[in-house]
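Novice: Here is a sequence with its predicted model. Questions after.
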Amino acid sequence: MTESPTVRSPGRPPAATREQVLETALHHYLRGRRVDVQAIAAELGLGRTTIYRWFGSREELLGEVLFAASEPLLWEARGKAKGRGAPVLLETFDRFNRTLADSSALRRFVEAERDTALRIITSGAGTLQPRIVASIQAVIDDEVRVGAYEPPVDTSTLAYAIVRLAEAFLFNDAVAGMRGDVDRLREVEAALLAVPMPKKGR
């Protein structure tokens with residue numbers, strides 16, 4: 001008589017998925033609530049250790065939340081921008097920057113968690129900045145691919161410069177808050193992209 005093979009119990013599956021954790025955290029962020037790992041774990045019936053296993057740390061979770069909130073805004077800005085080449089890139093990035101500067105959720109987060117917010121936003125070792133750079137590069141690459149734009153440097157370097165410029169003009173390191181200097185940011189991005197700007201009257 002053949003014995004039945006021993007079947008290991010797979011264990012109790014998580015009460016929620018990684019995607020649901022991110023969705024819940026994004027929901028809290030967009031409504032101006034603190035992204036609290038313990039509160040989210042309790043809301044979804046998870047242990048905090050599960051969330052930390054999926055995201056590594058609260059800051060990495062926040063980085064993913066900020067990316068999930070901001071990346072659709074970039075592609076929405078690209079969809080509204082008209083034309084081709086450097087002018088459409090400038091219009092896209094300008095629309096994106098102004099939307100970020102006007103974001104009440106982002107402003108509340110920066111005001112409530114100043115040092116943490118700027119560390120997440122400006123760190124090249126985090127989860128947010130490299131992904132935003134990649135998204136900006138994808139927008140630039142689309143224009144290069146159709147022959148509408150010839151970048152002055154490789155597109156990865158250009159995308160990184162665009163992102164770092166935005167960080168410098170949108171956020172204020174001195175007081176760890178929102179700066180929102182979008183008009184000057186547009187002028188500098190225009191110079192970087194080689195888009196002629198109308199001369200200001202004296």
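Specialist: Looks like it arrived, so ask away.
Novice: neighbours of the closest residue to residue 190 other than its chain neighbours, just the number please.
Specialist: Leaving out its chain neighbours, the residue that sits closest to residue 190 by CB to CB, 6 or more residues apart in numbering is residue 197, at 4.9 Å. C-beta coordinates here come from the backbone N, C-alpha and C atoms, glycine included. Residues near residue 197, counting by other CB atoms under 10 Å, number 10.
Novice: what about residue 197, which SS state?
Specialist: Under DSSP: H, G, I helix; E, B strand; the rest coil, residue 197 falls in the coil class.
Novice: Buried residues of the longest helix seen in the chain, list them for me.
Specialist: Scanning the chain for the helix with the most residues, using DSSP state H, yields helix 58-80. Residues of helix 58-80 classed as buried by neighbour count (16 or more other CB atoms under 10 Å): 58-71, 73-74, 77-78.
Novice: List the buried residues in the helix or strand harbouring residue 89.
Specialist: Assigned by DSSP states H and E, residue 89 belongs to helix 85-101. Residues 85-101 are the ones in helix 85-101 that count as buried (16+ other CB under 10 Å).
Novice: got it, and stretch 110-127?
Specialist: Applying a neighbour-count criterion of 16+ other CB under 10 Å, one finds 110, 113, 117, 118, 119, 120, 121, 122, 126, 127 buried in stretch 110-127.
Novice: Give me the local confidence score for the residue nearest the centre of the chain.
Specialist: Among the residues of the chain, the one closest to the centroid is residue 67, at 3.1 Å (CA atoms, centre = their mean). Model confidence at residue 67, given as pLDDT, is 98.
Novice: what's the closest non-adjacent residue to residue 166?
Specialist: Per CB to CB, 6+ apart, closest to residue 166 is residue 97, 5.6 Å.
Novice: Enumerate every residue touching the one you found.
Specialist: In this structure, residue 97 makes contact with 166, 169, 170, 182, 185, 186, judged by CB atoms under 8 Å, 6 or more residues apart in numbering.
Novice: let's go with 6 Å and repeat that
Specialist: Neighbouring residues of residue 97 by CB atoms under 6 Å, 6 or more residues apart in numbering: 166, 182, 185.
Novice: Could you double-check that the residue nearest to the centre of the chain sits in contact with residue 126?
Specialist: No. Applying CB atoms under 6 Å as the test, residue 67 and residue 126 come out as separate, 9.9 Å apart.
Novice: how near is residue 76 to residue 52?
Specialist: Taking CB to CB, to the nearest Å as the measure, residue 76 falls 32 Å from residue 52.
Novice: what about the residue nearest to residue 190, distance to residue 185?
Specialist: Here residue 197 is placed at a distance of 12 Å from residue 185 (CB to CB).
Novice: Same check on residue 99?
Specialist: Counting by CB to CB, the gap between residue 99 and residue 185 amounts to 13 Å.
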